[in-house]
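> predicted model, plus sequence, below.
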Amino acid sequence: MSERIREKLSILADAAKYDVSCSSSGSNRKNHNKSLGDAGNGICHTYTEDGRCVSLLKILLTNFCIYDCAYCVTRKSNDIRRVAFTVQEVIDLTINFYRRNYIEGLFLSSGIFKNADYTMERLVQVAKKLRLEHKFNGYIHLKSIPGASNELMHEAGLYADRLSINIEMPTESGLKLLAPDKNRNDMIQPINYLKNEIILHNDQKKLIKKTPMFAPAGQSTQMIIGATAESDKDIMLTADKFYKDFNLKRVYYSGFVPISNDKRLPGLGSSVPMIRENRLYQTDWLMRFYGFNVKELLNDSNPHLDLDIDPKLSWALRNLSQFPVDINKADLQILLRIPGIGLQSAYKIVQGRKFQKLNWEHLKKIGIAVNRAKYFITCNSHAYERRDLTAMNIKQYILSGSSGKNIKNNPYQLNLF
Amino acid sequence: MAITTIIYDGSWEGLLTIVFEVYDRKLSDFRVYRISESQPALFGETLLINIDQSKALRVWDGLKKKLNGPACRNLFSCYLSELKGVEDLLIEFIQLVFSSVGSVEKSFTNPCVLRLSQIGKMVHREKHRMEAFVRFKLTKDEIYYAAIEPDYNVIPLILNHFKNRYADQKWLIYDLKRGYGIYYDLNFVEEITLDKKPHINPESNLLEDSEILYQNLWKDYFENANIKSRKNTSLHLKHVPVRYWKYLIEKN
């Protein structure tokens, strides 16, 4: 008995790990009447050896699947061992892991067996039982199954904190190539339905305070990066659309991990595009928190992100005419656009300059990356960059002065020859 | 004039009492030591200060009038760091608060303010780590038990988190380093000291029958959630420093 459950867990955790989302924040479920658990800011309970946070029990209900998506380990044509948890097994694992403080909750996904509704119904059943029978207030993230009915999606929203559906390929042509049985509309339909339900729920909550929760942590999605030939521009335009049109909380980018020798995909042994993934997340942050429009960062003349420098520096070098900026005068929105200044430091600068004019010492203490920012700013000091440097000069100075992890393959050293 | 050595019992109230006495006796040149700490043999005067609840309360009420909630909590966190000399910093800060008109907690150009904000952050980080790294083991008498050895004395800071979350199970979190813990009996959380330190090892018959199964399942899960082709040891170690491994089931 125990060997059987251990085998199932090993297989179904292994199959679920390519879903990168592990967020357990954004909900505000409280513990009522001495029941089990609560959900708040989220905690990473441990980290795997690849450095990723483990916050939720992330598993598939089953790895049986009727689809044959080339990028997926559980695709129909793959010769692997197929297993399935019972609803009760998932509940026991979740409750027992939670009580031992291993996890913040459950992230349940599944291969598609029989059809969309049949699968979605099983997922909802797990969440419903956890909430109603076991009085579980921990975090629950459910996968929305493409093509599932509105009724089921509504029920899912009542019990889950977050719902997500992975659009997988940044473009429809990519999806057609690698997952011919799937179509984008089946994916968008539940996202759109939930978006409207969440808006409706929030309006209702303003009138009736005791309205039960509905997907309090919102929706997210994930795209696979580097499986097909999309440009970074394609990827980020899609992400931007999902943020704007569907109010998504997060879009995740997952560097493709080669799993087969399918001719349509990068073969086994090719490396995971981890730096590219990192640059995409940086771009995502610039869009969401720094007030950048996606088209400033990626457009037809710059369809790809630089791998050796971050997207903000890259933007600044293309727009040197907007610099230098006077730290003691510029608006917050402008400060946020300076390379080497992050959100925290920008706020601290705005606070600090109320009391006195800031000089280089102050800026260092506040914690800005002066070796980067110094080419783009002036402050209360006569020392500032006076040379008329070109973008290439600045890039070289910054790269040669930094020991960042991503510049191992600095191509500019070769320019000497 | 020689430095006055002040010795106290190490309690928070004791520390606040010292603040009162410092004003009352107009002390200016002094160093504070816990009674458990080794004190330097100096030629100056030595002063032993005992807890006086009403004096402590007066100082605390005074502070609450001048500082907002987070700033008051930060003082308490810094005290919990138990770092050598933190009492002197705290008293210096409190004197600064009482002698200033405006708010001082953000004037980071003052070294004492900066240092206390850094210490507060360190303690907060340790609190958060303990909320993450506590691993309960279910014993035969249905108590979920966890041993910890935090860098700082963070039990008072994590109490509410665990009380709010695990409201329907009995649990005990025990700090082996400091020899005390908190126990929740389904109604209240109380501070306890066990005469014999509870050492529960996996082979022990004190554990409930299914405990080892769930430990193994957790290890299986941890193992299989890892993507080998993305191995990143330095990042892993940054998030899970080796000194915490001892009590992490998945790392043993």
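Nice, thanks for sending it over.
> what residues go with each domain of the chain?
Assuming you mean chain A. For chain A, automatic domain parsing gives the domain ranges A:2-293, A:311-416.
> wrong one, chain B
Domain segmentation of chain B under automatic domain parsing yields B:4-126, B:134-251.
> for residue 116, give me its contacts.
As the question left the chain open, I've gone with chain A. Under the criterion of Cβ atoms under 8 Å, 6 or more residues apart in numbering or on different chains, the contact list for A:Ala116 reads A:145-149, A:186. In short, each C-beta sits where N, CA and C put it, glycine included.
> nope, chain B
By Cβ under 8 Å, 6+ apart, the neighbours of B:Leu116 are B:74-75, B:78, B:89-90, B:93.
> what subset of the contacts of A:Ala116 is buried?
Among these, those classed as buried by 16 or more other Cβ atoms under 10 Å in any protein chain shown are A:145-149.
> between those residues, which is closest to chain B?
A:Ile145 (22.2 Å; Cβ to the nearest Cβ).
> my read: the closest one touches A:Leu123, true?
Yes - at 7.3 Å, A:Ile145 counts as touching A:Leu123 under the criterion of Cβ atoms under 8 Å.
> which neighbours do those two have in common?
With Cβ under 8 Å, 6+ apart, A:Ile145 and A:Leu123 have common neighbours A:Ser110.
> residue nearest the centroid of chain A?
A:Tyr252 (2.8 Å; Cα atoms, centre = their mean).
> double-check that that one belongs to a strand.
Yes - assessed with DSSP: H, G, I helix; E, B strand; the rest coil, A:Tyr252 lies in a strand.
> pLDDT at it, what is it?
With respect to pLDDT, A:Tyr252 scores 95.
> and A:Ile140, helix, strand or coil?
A:Ile140 ends up strand, using three-state DSSP.
> quick one: contacts for it?
A:105-106, A:108, A:127, A:130-131, A:159-162 are the contacts of A:Ile140 under Cβ under 8 Å, 6+ apart.
> so where's the chain uncertain?
Here I'm looking at chain A. Low-confidence segments of chain A, defined by pLDDT under 70: A:1, A:402-417.
> my question was about chain B, not that one.
The model of chain B has pLDDT under 70 over residues B:1, B:41-42, B:109, B:196-205.
> where along it do the helices fall?
With DSSP state H as the criterion, chain B has helices at B:12-24, B:53-66, B:69-80, B:86-99, B:111-133, B:155-165, B:211-224, B:233-239.
> would you point out which residue of chain B is nearest chain A?
Closest point on chain B to chain A, by Cβ to the nearest Cβ, is B:Leu235, at 3.0 Å.
> which parts of the stretch 301-417 of chain A are helices?
Secondary structure of the stretch 301-417 of chain A by DSSP state H, counting those that start in this stretch: the helices cover A:311-318, A:332-335, A:343-352, A:360-366, A:370-373, A:391-401.
> okay, the ones you listed, which one's buried deepest?
helix A:311-318 (a mean of 22; mean count of other Cβ atoms under 10 Å in any protein chain shown).
> now do the helices in the stretch 101-250 of chain A.
A:116-132, A:150-159, A:172-178, A:184-207, A:232-246.
> TSV for the ones you listed, including distance to A:Asn278?
Shown next, in TSV, are the helices of the stretch 101-250 of chain A (distance: least, Cβ to Cβ, whole Å):
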stretch	distance to A:Asn278
helix A:116-132	31
helix A:150-159	32
helix A:172-178	21
helix A:184-207	26
helix A:232-246	12
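> nearest to B:Asp209, out of those helices?
Among those, helix A:116-132 comes nearest to B:Asp209, with 23.7 Å by Cβ to Cβ.
> show me the contacts for A:Tyr56.
Rather than Tyr, residue A:56 is Leu. A:22, A:24, A:103-107, A:139, A:141.
> who does it bridge with?
In this entry, A:Leu56 is beta-bridged to A:Gly105, by DSSP bridges.
> of all the contacts of B:Leu116, which comes closest to A:Asp117?
Closest approach to A:Asp117 among these (Cβ to Cβ): B:Asn74, at 52.8 Å.
> burial measure for that closest one, as a count.
The tally of other residues near B:Asn74 (other Cβ atoms under 10 Å in any protein chain shown) stands at 21.
> spell out which parts of the stretch 1-150 of chain B neighbour chain A.
B:106, B:108-109, B:128, B:131-138, B:144, B:146 (Cβ under 8 Å from any Cβ of the partner chain).
> mind telling me which residue of the stretch 301-417 of chain A is nearest chain B?
Counting by Cβ to the nearest Cβ, the stretch 301-417 of chain A gets nearest chain B through A:Lys365, at 7.0 Å.
> wait, that residue touches B:Phe108, no?
Yes - in this structure, A:Lys365 is within contact of B:Phe108 by Cβ under 8 Å, at 7.0 Å.
> about what we covered before: show me the two of the contacts of B:Leu116 that sit farthest apart.
For the contacts of B:Leu116, and using Cβ to Cβ, no pair is farther apart than B:Asn74 and B:Leu89, which are 12.0 Å apart.
> related to what we said a few turns ago, in TSV, list the helices of the stretch 301-417 of chain A along with distance to A:Phe97.
Listed next are those as TSV, based on distance: least, Cβ to Cβ, whole Å:
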stretch	distance to A:Phe97
helix A:311-318	38
helix A:332-335	43
helix A:343-352	34
helix A:360-366	42
helix A:370-373	43
helix A:391-401	45
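> please name whichever of these is nearest to B:Leu48.
helix A:360-366 (39.7 Å).
> just give the closest residue to A:Ile366, not the sequence neighbours.
Nearest residue to A:Ile366 in three dimensions, chain neighbours excluded: A:Lys348, at 4.7 Å (Cβ to Cβ, 6 or more residues apart in numbering or on different chains).
> flag every residue of the stretch 301-417 of chain A that's near chain B.
Residues of the stretch 301-417 of chain A lying near chain B (Cβ under 8 Å from any Cβ): A:351, A:365.
> repeat for the stretch 51-200 of chain A
A:51-54, A:57-58, A:93, A:96-97, A:99-102, A:135.
> for chain B, state which of the residues you listed is nearest.
Nearest to chain B among these, counting by Cβ to the nearest Cβ, is A:Gly51 at 3.0 Å.
> show the contacting residues for that closest one.
B:230, B:232, B:234-236, B:238-239.
> please redo it, this time with the cut-off set to 6 Å
B:232, B:235-236 (Cβ atoms under 6 Å, 6 or more residues apart in numbering or on different chains).
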